[in-house]
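K.L.:
here is my input, please return the structure:
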Amino acid sequence: MIRSGALRLLCLLACGLVPPATPAAGKGDDAAKLVEEGTALFEAGSLPEALARFQKAVAAEPRRAEAQAWVGKTLLDLKRAAEAEAPLRLAVELAPSEPEFRFLLGMSFYLRADWEPARQHLEAATRMRRGNAADSYYLGRVYLNTSQQALAEDAFRSALNANPDYIPARLHLAITLRERGNLGDAEVEFQRILERDATQPLPYYYLGSLQLDRGDYPAARASLESSIRLDPAFEASHFRLGLTLINLKQLDAAAAEFQRAIDLNPYYDLAWQGMGRALARLGRTEEAEKAMARFQVLEPVGQRITFLRQVLANSPASSRARLDLAAELTKIDELGPARSLLEQALQIDPEFAEAYARLGRVLALQGDTEGAAVRYFDAVRRDPGNVEYRYQFGVTLARAGYCRQAVVQFLEVVARNPEHAAAYGDLGTCYAQLGDVTRAEQSLRRAAEIDPIPAAPYANLGSLYASGGRLDDAIAQYRLALQRAPEDADIRFNLGGALLETGAFVEARTELERATALRPGDREMRRSLARAQVRSGQGEEAVRLLTEMLRSEPKDAVLISDLGAALGALGRLDAAERAHRSAIQLDPRSPSHRLQFAETLARAGRGAEALEQIEAALKIAPNEPEILYRLAAARADQGDAAGATDALDKAVDAGFRDGRRLGAEPAFAGLRGDPRFEGVVARVAP
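P.N.:
Next comes the predicted model:
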């Protein structure tokens, strides 16, 4: 069996993402000579060969600071900044007074956009060797990226004092001056750069942006076109040129530039906005609306995505950069690209537990619940102490239908963290699905005790009680849930349903009206509202609602059956009977259509026909408690006491437990006191 470390290395090698293992030092290897050979190879541009020499030098003499630093420096040049950190840290520990080692360590963080440690080490380097242009320049870049413009300006000026010909420092000084509002000084600096070197695209870009901002559109166009000629793949230049062309009223050309920016970076939010504006002015309304809709999706994350794409370009072997970029893409439902990035991260580092967990989340969002569970399992296996990975593993197991296995995970979570309210809530839901009502109630109550703010534990308790016939308890819990989430349509729907079952028809109608207002297109909510309207004396409103729904679904047997019930309640029996028979013809295997027809027939005094419909429903679903209960009531109405008791006995055997309804049923008035009937009643929990 291959051990996990060996497996990881094999995966990395198979992907071509790391060189072969560090060459072992042979007897007599001279570290100084190896460093000398590696330096020559490095300066010749043969970086992999240079790295191999430096690694052999480290193997021969691990505490040689120079060799460790060269390993780190070469890794930086190979764009493997994360790997460079460890040898550079060791180099600094071995030679703490060497400023170059401190500078390189700072750069290992800088290239990963980890600004705080980058700042600490670069500041240390500048203190240790005054007058070094590179130290000051990169420190200025850190300050600029952390919005410390005054410090950035000082750092760039220090770099230029050390080396007036240091073009990157002058460029970023000009950028900083522009950000601080010193536009005249910024323009002077951009012009100075171009006088010295007219082959760089960035000065043209920033000069063009400055000219655009002050309204000099022809000059801006010339500068930005120069930037694009020098670097056609610079997306920001295309975007700025698009804005310039809009102001010059060249709308087709502007749209083309925005499209080029989007082709280069599909997540460039401002380019989508510019495209929308250009298309709108061209009268291409539908295309403009699509572009603006895309902008609205991207606006919260577009700049962050663009930044992380650049980080990844600087560190192409970074699994962390892929993880962070995947997280931002997940926020805007770009699940395919996010999944691809996470899979790449795991190719780079097959032991990266967080990447497995993030991949599990993406798979869950894609609907692959079992695949998500596998990935969360991989995360738990690599980091068994991480409670959140284990919790999400349990959640995905439950969603995949493996409630018993999910319970094991949730119990482990609450054992490690007894205050994990969400785990108790999901544990309660699983227990309820497994039929363990006592443990379900205990777990849900514990969830509410730990964190009384979320509505879910109360709503789930309500559903638990409702399923067990404890409607008053269910209603109380739903009300508590709504105090915490008054805009939750599902909770209002469930409360309305429970109130309807208890006979509080007007209150049920009110809650169902609120639920449908929150979710107007929900078919089941509208059906329940129609039922509540019928029961609360608003039969005409129910007929209007159901008729409206049938306009879009004229062959919907369920709606037609509901319409029959509403018409029957209004005494329009001929129309009701036609509706019921039409529903049964459309869906003859539905017992509920026959039960509704039976109710209408009973209301019309046609008890024998009602009994026939209930018996027909029973043939379709012979062990359904509701049908058996209705059969018992219908037989009692027809004077068949023995048959009614037999049917009620079977209903209880099948699971009927609604003692409240049984006690209030008028059809059973003549059976009260009958020993056999009372024996059956005693079996029903009150």
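K.L.:
hey, let's count contacts and neighbours off CA atoms from now on
P.N.:
Noted.
K.L.:
what stretches of the stretch 451-600 of the chain score poorly on pLDDT?
P.N.:
Nowhere does the stretch 451-600 of the chain drop to pLDDT under 70.
K.L.:
would you map the helices across it?
P.N.:
Here the stretch 451-600 of the chain has its helices, by DSSP state H, counting those that start in this stretch, at 456-467, 471-484, 489-502, 505-518, 523-535, 539-552, 557-569, 573-586, 591-603.
K.L.:
cool, the stretch 1-150 of the chain as well?
P.N.:
4-14, 31-43, 47-60, 65-77, 81-94, 99-110, 115-128, 133-145, 149-162.
K.L.:
could the ones you listed go into a markdown table alongside mean neighbour count and mean pLDDT?
P.N.:
Output for those, formatted as a markdown table (neighbours: other C-alpha atoms under 10 Å; pLDDT from 0 to 100):
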| stretch | mean neighbour count | mean pLDDT |
| --- | --- | --- |
| helix 4-14 | 15 | 29 |
| helix 31-43 | 18 | 94 |
| helix 47-60 | 23 | 94 |
| helix 65-77 | 25 | 95 |
| helix 81-94 | 21 | 94 |
| helix 99-110 | 26 | 95 |
| helix 115-128 | 20 | 95 |
| helix 133-145 | 24 | 95 |
| helix 149-162 | 21 | 95 |
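K.L.:
out of the ones you listed, which is closest to residue 449?
P.N.:
helix 115-128 (40.1 Å; C-alpha to C-alpha).
K.L.:
if we can go back for a sec, turn the helices of the stretch 1-150 of the chain into TSV, columns for distance to residue 436.
P.N.:
As requested, the helices of the stretch 1-150 of the chain are arranged in TSV below (distance: least, C-alpha to C-alpha, whole Å):
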stretch	distance to residue 436
helix 4-14	40
helix 31-43	69
helix 47-60	61
helix 65-77	58
helix 81-94	50
helix 99-110	53
helix 115-128	52
helix 133-145	56
helix 149-162	63
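K.L.:
closest to residue 313 out of those helices?
P.N.:
Of those, nearest to residue 313 by C-alpha to C-alpha is helix 81-94, at 11.6 Å.
K.L.:
then the closest one to PDB, C-alphas only?
P.N.:
This file holds the C-alpha atoms of helix 81-94, laid out as PDB (Å, rounded to 0.1, in the frame of the first residue of the first chain):
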ATOM      1  CA  ALA A  81       6.200  31.500  -4.000                       C
ATOM      2  CA  ALA A  82       4.400  29.300  -1.400                       C
ATOM      3  CA  GLU A  83       7.200  26.700  -1.600                       C
ATOM      4  CA  ALA A  84       9.800  29.500  -1.300                       C
ATOM      5  CA  GLU A  85       8.700  30.600   2.100                       C
ATOM      6  CA  ALA A  86      10.100  27.700   4.100                       C
ATOM      7  CA  PRO A  87      13.800  27.900   2.900                       C
ATOM      8  CA  LEU A  88      13.700  31.700   3.000                       C
ATOM      9  CA  ARG A  89      12.500  31.600   6.600                       C
ATOM     10  CA  LEU A  90      15.300  29.200   7.500                       C
ATOM     11  CA  ALA A  91      17.800  31.500   5.700                       C
ATOM     12  CA  VAL A  92      16.600  34.500   7.800                       C
ATOM     13  CA  GLU A  93      16.900  32.400  11.000                       C
ATOM     14  CA  LEU A  94      20.400  31.300  10.100                       C
END
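K.L.:
show me the contact partners of it.
P.N.:
For helix 81-94, contacts defined as C-alpha atoms under 8 Å, 6 or more residues apart in numbering pick out 63-66, 68-69, 71-73, 75-76, 98, 101-102, 104-105, 108-109, 111-112, 315, 318.
K.L.:
I figured residue 532 hits residue 505, correct?
P.N.:
Yes: with contacts counted by C-alpha atoms under 8 Å, residue 532 reaches residue 505, the gap being 5.9 Å.
K.L.:
which of those two has more residues huddled nearby?
P.N.:
residue 532 (30 against 21; other C-alpha atoms under 10 Å).
K.L.:
chain neighbours aside, what residue packs nearest to that one?
P.N.:
With C-alpha to C-alpha, 6 or more residues apart in numbering as the criterion, residue 532 has its nearest non-adjacent residue at 5.0 Å, and that residue is residue 509.
K.L.:
for residue 352, phi and psi?
P.N.:
phi -80, psi 90 (degrees, to the nearest 10).
K.L.:
neighbours around it, how many?
P.N.:
When neighbours are defined as other C-alpha under 10 Å, residue 352 has 21 of them.
K.L.:
and it, how far is that from residue 210?
P.N.:
Using C-alpha to C-alpha, to the nearest Å, one gets 44 Å for the distance from residue 352 to residue 210.
K.L.:
again, but for residue 77
P.N.:
Applying C-alpha to C-alpha to residue 77 and residue 210 gives a distance of 33 Å.
K.L.:
care to break the protein down by domain?
P.N.:
The chain is divided into the following domains under automatic domain parsing: 25-129, 623-686.
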